[in-house]
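Enquirer: pasting the structure only:
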């Protein structure tokens, strides 16, 4: 299942794992069920938590990514307004 889901969503996937049995089969050499994209060479981001708090650990990863994306979008909007492209873009959309 992991091979298939990482083939479909691997570059956009984030895995928060708690140390345990899944660490043994999910990251042991030489086999690894997580695949990478042939085009970019990237696969899922995978982080491991020492204790059984992977839900909170994963939520923290999600929250930080959401915050960074929102901040990037706000910075781009501010830059567009500052440069004066906003009115030009609005004129083009009409």
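Expert: Great, that's in hand. Note that the coordinates shown come from a computational prediction; the quantities given were computed from them, not determined experimentally.
Enquirer: quick one: average pLDDT of stretch 2-12?
Expert: Taken as a whole, stretch 2-12 has a mean pLDDT of 78.
Enquirer: burial count for the nearest residue to residue 35 once chain neighbours are set aside?
Expert: Distances taken as CB to CB, 6 or more residues apart in numbering put residue 6 closest to residue 35, at 4.6 Å, once the chain neighbours are dropped. C-beta coordinates here come from the backbone N, C-alpha and C atoms, glycine included. For residue 6, the neighbour count with other CB atoms under 10 Å is 21.
Enquirer: same deal with residue 18?
Expert: Neighbours of residue 18 (other CB under 10 Å): 17.
Enquirer: Could you double-check that the residue nearest to residue 35 sits in contact with residue 46?
Expert: No: look at residue 6 against residue 46 with CB atoms under 8 Å: they stay out of range, at 9.7 Å.
Enquirer: And residue 82, how far from residue 63?
Expert: According to CB to CB, to the nearest Å, residue 82 and residue 63 sit 28 Å apart.
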